[in-house]
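J.: no sequence on hand, only this structure:
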């Protein structure tokens, strides 16, 4: 049974708060949202599994699939927990940068990696946004 893609469903927030516009609104946030057009990342795995195993496409799936197809824009929202997470992530990155940036290695953050093999096999861009990655200075490869 497939849900009706034309049915308008009132958005409800499971945590009792309304999403607010992303306070960062920076280039990185835009790059992450734009990368979701034409591809699926790790955060989409549950949705893909649910659709494949049940055959049901719920309203949240419709929204994500519309972003994938370029019909809708990726929502740009945040809340206090997300903002706190961004702050903590930056603090962790800064600490690790102090420890690991050397002549041989450097840390990079929020790198979008596309899996060329899966992308070629499925015809769908398969990607992941890596929060923090240790790179080799000599040839810009992952360690």
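T.: Cool, the structure landed. Everything quoted here is computed from the prediction, not taken from an experiment.

J.: from here on, just use CA atoms for contacts and neighbour counts.
T.: Will do.

J.: which elements pack onto the strand ranked longest in the chain?
T.: When the chain is scanned for its longest strand (criterion: DSSP state E), the result is strand 125-136. In this structure, strand 125-136 packs against strand 39-41, helix 80-100, strand 105-114, helix 116-122, strand 141-142, with contacts taken as 3 or more CA pairs under 8 Å, 6 or more residues apart in numbering; DSSP states H and E.

J.: list the buried ones in that strand?
T.: Going by neighbour count (16 or more other CA atoms under 10 Å), the buried part of strand 125-136 is 125, 126, 127, 128, 129, 132, 133, 134, 135, 136.

J.: shouldn't residue 141 be in contact with residue 113?
T.: No: counting by CA atoms under 8 Å, residue 141 does not reach residue 113; the two are 11.9 Å apart.

J.: give me the common contacts of those two.
T.: Here residue 141 and residue 113 have no joint contacts, going by CA atoms under 8 Å, 6 or more residues apart in numbering.

J.: sheet partners, orientation included, of the longest strand of the chain?
T.: Strand pairing for strand 125-136, determined by DSSP bridges: strand 39-41 (parallel), strand 105-114 (antiparallel), strand 141-142 (antiparallel).

J.: which residues does the second one contact?
T.: Translated: strand 105-114. The contact list for strand 105-114 (CA under 8 Å, 6+ apart) reads 28, 32, 93, 96-97, 100-101, 125-137.

J.: ok now that strand, how far from the chain's centre?
T.: Computed by CA atoms, centre = their mean, to the nearest Å, the chain-centroid distance of strand 105-114 equals 14 Å.

J.: with the shortest one instead?
T.: Distance, stretch centre to chain centre, for strand 141-142: 21 Å (CA atoms, centre = their mean).

J.: so what touches that strand?
T.: Under CA under 8 Å, 6+ apart, the answer for strand 141-142 is 133, 134, 135, 136.
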